[in-house]
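1. Let me see the structure of the following:
(one chain, ligands or ions: 1)
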Amino acid sequence: MPASSSPTQPPSSSASEEDDGPLRGQFLTLEGSEGVGKTTNLGVIERYLRGQNIDVLVTREPGGTALGERIRALLLDVAADESEPPMHQMAELLLMFAARAQHVATVIEPALAAGRWVLSDRFTDASFAYQGAGREMGNATVATLETLVQGSLRPDVTLYLDLDPEIAFKRIAEREHDRIEREERTFFHRVRDCYLARAAAEPERFAIVDASLDIESVERSVVAALAAKLLPA
Ligand code: Z5A
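-> Okay, here's the model as predicted:
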């Protein structure tokens, strides 16, 4: 449980805060493979937090700023892989972190410092999963960039929606796939394995939600998992 606040104790002013400024907000992230239901559940989490009188800023990666959204378009454009040569994996990784640098410096850090909570649809766990494991670039390079770009900033709570990639692909079969979604199936199995390993290594931060259930059941599990992470034991 993050030490500084809970849903029943949203950031608010008190005598000591007036001296020291607002309590720092909590940084929440939502992770999972494509088609797992992140977008579907983002609104559920936002409504839950607002129902607890928590002022939450909802954002996403890659993106979250005007510059970041332009970088996102570059990253997901299928033309980048149809060109000759296709986007190099290091270019992909650095673009992810270029967008993140802008996002952290101009959106996430200022909001947290002002006492707002931040809910991000993906963050650096995705770089470990997709570039570190999916592209097989390894953890060390990603970890170096993580420290360079974020300093000590890490999510307080991460909800990981877990789903067999074979089921996820069926859910998004009808829609057009972006550049990364066009990867082979083994890529997405490595991504899932990495997320599960990171969740096992950091059980305090991660909550794993079984995303194979129907939409309403997943929504209930998401709220229950978040409440369990945020409420004092
Ligand atoms: N990426 C990266 O490589 N490195 C990084 O550092 C970062 C990102 C930050 C864009 O991410 C890509 O960037 C992503 C990882 C990479 N690439 N891939 N592949 P994104 O988050 O914007 O894109 P996405 O993961 O592809 O999101 P998505 O496809 O929109 O999936 P989703 O948001 O998790 O799912 P959804 O849209 O909520 O649901 C998909 C469908 O399933 C939809 O029709 C729903 O109605 C349905 N659904 C949802 N839940 C259920 C349940 N429970 N049962 C049945 N059907 C359901």
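2. got the buried residues for stretch 52-60?
-> Buried positions in stretch 52-60, judged by neighbour count with 16 or more other C-beta atoms under 10 Å: 52, 54, 56, 57, 58, 59, 60. Using the backbone N, CA and C atoms, a C-beta is placed for each residue, glycine as well.
3. nope, stretch 219-231 is what I meant
-> Across stretch 219-231, burial judged by 16+ other C-beta under 10 Å covers 219, 221, 222, 223, 225, 226, 229, 230.
4. Tell me where this protein is predicted with low confidence.
-> Where the chain drops to pLDDT under 70, the residues are 1-19, 232-233.
5. Now with 90, please.
-> Residue ranges of the chain with pLDDT under 90: 1-22, 34-35, 80-84, 169, 171-175, 181-182, 231-233.
6. Tell me which residue is most central in it.
-> The C-alpha lying nearest the average C-alpha coordinate of the chain belongs to residue 122 (C-alpha atoms, centre = their mean; 2.0 Å).
7. Do you have the helices of this structure handy? List them.
-> For the chain, the helices defined by DSSP state H occupy 15-20, 38-51, 66-76, 79-82, 89-103, 109-113, 124-126, 139-150, 165-171, 185-201, 215-230.
8. Could I get those helices in a markdown table, plus columns for distance to the ligand?
-> Shown next, in a markdown table, are the helices of the chain (distance: least, C-beta to the nearest ligand atom, whole Å):
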| stretch | distance to the ligand |
| --- | --- |
| helix 15-20 | 33 |
| helix 38-51 | 3 |
| helix 66-76 | 6 |
| helix 79-82 | 13 |
| helix 89-103 | 4 |
| helix 109-113 | 17 |
| helix 124-126 | 3 |
| helix 139-150 | 9 |
| helix 165-171 | 4 |
| helix 185-201 | 8 |
| helix 215-230 | 4 |
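9. right, so these: which one is the most enclosed?
-> Among these, helix 124-126 has the highest mean neighbour count (mean count of other C-beta atoms under 10 Å), at a mean of 26.
10. quick one: contacts for residue 180?
-> 34, 75, 76, 130 (C-beta atoms under 8 Å, 6 or more residues apart in numbering).
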